[in-house]
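Chemist: For reference, the sequence and a predicted model appear below.
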Amino acid sequence: MSYQVGVFIGSLSTVSINRRLAKALQRLSAGTSLTLEEIPIGNLPLYNHDYDADYPAEGLALKEAIAAVDALIFVTPEFNRSVPGALKNAIDWGSRPWGQNSFAYKPSAVIGASPGKIGTAVAQQHLRSILSFVNSPELAQPEAYIQFTEGLITADGEITDQGTAAFVADWLQKFEMFVGKVTNAHR
Ligand code: FNR
């Protein structure tokens, strides 16, 4: 089996450390059954339900991108102890119009990096609660809170610390197994 995985990056910054982490995941996915590709969120207008009657092209493209993949990975920073607004906005777009929630039964995992010691733990807990509501089965363990130190991940996604590289590779392997189990359960 091979699985297409859509990657949401919660940061819109051009120098995002979470974008580096997403690149690292992509590198580590070589040789697994997972193919990772970003689902961009930076072009989405701010959602409101007036759009439900006539979704704009950006909203439709997002829903189509989610429909086209088997699973989702959320790589996110923590903003003010929560999920960045851009990411929440994208999830709101994907969850609507009412009755057409794109996340239902789509297996997902959450990972994130920040310079702080708790490495996005609080944002991830908020994100897990959102993903539960939109009915996306989430990888519960291992949790992955990456404290980003200078040079930990290069611009092209190489993790320079062996222990961190092994941890992230193991996390991805467990997600691969999880996706297989959830996908088979829902066939
Ligand atoms: C932050 N940062 C931050 N870090 C953290 O660990 N907990 C937090 O609550 C916050 N809050 C926060 C709010 C806002 C508005 C900004 C801009 C930043 C710091 C943050 O972790 C750091 O800027 C990361 O580099 C952001 O990730 P990206 O954008 O580089 O992927």
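Modeler: That came in fine, so what should we check first? Residues are numbered from 1 along each chain as shown.
Chemist: Just give me the residue right at the centre of the protein.
Modeler: In the chain, the centroid-proximal residue (Cα atoms, centre = their mean) is F74; its distance is 1.2 Å.
Chemist: Report whether that residue is found in a strand, as I expect.
Modeler: Yes. Under DSSP: H, G, I helix; E, B strand; the rest coil, F74 falls within a strand.
Chemist: tell me the contacts of it?
Modeler: By Cβ atoms under 8 Å, 6 or more residues apart in numbering, the contact list for F74 reads V7, F8, G10, L87, S108, A109, V110, I111, G112, L127, L131. Bear in mind the C-beta positions are built from the backbone N, C-alpha and C, glycine included.
Chemist: So what's the residue count around the fifth one?
Modeler: Other residues near S108 come to 24 when the count uses other Cβ atoms under 10 Å.
Chemist: Quick check: residues of the protein near the ligand?
Modeler: Residues of the chain lying close to the ligand (Cβ under 6 Å from any ligand atom) are 11, 13, 16-18, 77-81, 114-116.
Chemist: In three-state terms, label L131 for me.
Modeler: helix.
Chemist: secondary structure class for A109?
Modeler: strand.
Chemist: For the nearest residue to it once chain neighbours are set aside, the count of nearby residues, please.
Modeler: Residue nearest to A109 in three dimensions, not counting chain neighbours: L139, with 4.1 Å by Cβ to Cβ, 6 or more residues apart in numbering. L139: 23 surrounding residues under other Cβ under 10 Å.
Chemist: residues in contact with L139?
Modeler: P107, S108, A109, V110, K174, F175, F178.
Chemist: Dump the residues of the chain next to the ligand to TSV, plus pLDDT, distance to V69 and neighbour count.
Modeler: As requested, the residues of the chain next to the ligand are exported to TSV (pLDDT from 0 to 100; distance: Cβ to Cβ, whole Å; neighbours: other Cβ atoms under 10 Å):
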residue	pLDDT	distance to V69	neighbour count
S11	98	20	23
S13	98	24	11
S16	98	21	16
I17	98	24	19
N18	98	19	26
P77	98	22	25
E78	98	25	25
F79	98	25	17
N80	98	29	9
R81	97	29	12
S114	98	26	21
P115	97	30	12
G116	95	30	14
